[in-house]
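J.: Prediction below, plus the sequence it came from.
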Amino acid sequence: MAKDKAKQQEQNDEALATIENLEQQLGEMTIDLQRNRADFENYRKRTDVEKENARVQGAAMAILKLLPVVDNIERAISHIPDDLQDNKWAQSVNGLTKQLDKSIDGLGLKRIEAKPGTLFDPELHEAIASEDGEADEAKIAEELQAGYELNGRVIRHSMVKVTHNDE
């Protein structure tokens, strides 16, 4: 009987050791699974950000290639001779610029404010000429080329002539 009890105790000890070993393995596997899930979630978030950045970069590249065409159309409209102001063709071309502006707005493209008298901001404007003036702070005297922001990020700075006080 004592032999049976000893054998029973030995079996119980072995079963407890096996259970403890299995619980330890289960804990380790649970930690590994949690780590793998976290790694995958971080990977998914990172690839989502990379995809969005690639999409925005692609849109910016395409828009940058179209901006010279927009500039030329704006220059052509601003230089329509007075005798052609009432011409239907000239008016329809002017209408195209309005349609182009709507399309540009739909893409998230916004023209940077660079009217004469606006304060010069090196984050938005690129001064390519300057002249002396009476202003205490650098102000824009003339916009030479329009600048644009795409979804709040500058993709082309406004080229401006700046007036400032040399004192």
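T.: Alright, I've got the coordinates.
J.: how about the helices in the protein?
T.: 2-78, 88-106 (DSSP state H).
J.: Those helices: lowest mean pLDDT?
T.: Lowest mean pLDDT of the helices of the chain: helix 88-106, a mean of 85.
J.: Give me the residues contacting it.
T.: With CB atoms under 8 Å, 6 or more residues apart in numbering as the test, helix 88-106 has contacts from 70, 73-74, 76-77, 80, 84. For the C-beta atoms, the positions are set from N, CA and C on the backbone; glycine is no exception.
J.: between those residues, which is nearest residue 41?
T.: residue 70 (42.0 Å; CB to CB).
J.: show me the contacts for that closest one.
T.: Per CB under 8 Å, 6+ apart, neighbours of residue 70: 100, 104, 146.
J.: returning to that earlier point: buried ones among the contacts of helix 88-106?
T.: Among the contacts of helix 88-106, the ones that count as buried by 16 or more other CB atoms under 10 Å are residue 70.
J.: mind giving me JSON lines with the contacts of helix 88-106 and columns for distance to residue 137?
T.: Shown next, in JSON lines, are the contacts of helix 88-106 (distance: CB to CB, whole Å):
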{"residue": "70", "distance to residue 137": "30"}
{"residue": "73", "distance to residue 137": "33"}
{"residue": "74", "distance to residue 137": "28"}
{"residue": "76", "distance to residue 137": "34"}
{"residue": "77", "distance to residue 137": "32"}
{"residue": "80", "distance to residue 137": "35"}
{"residue": "84", "distance to residue 137": "40"}
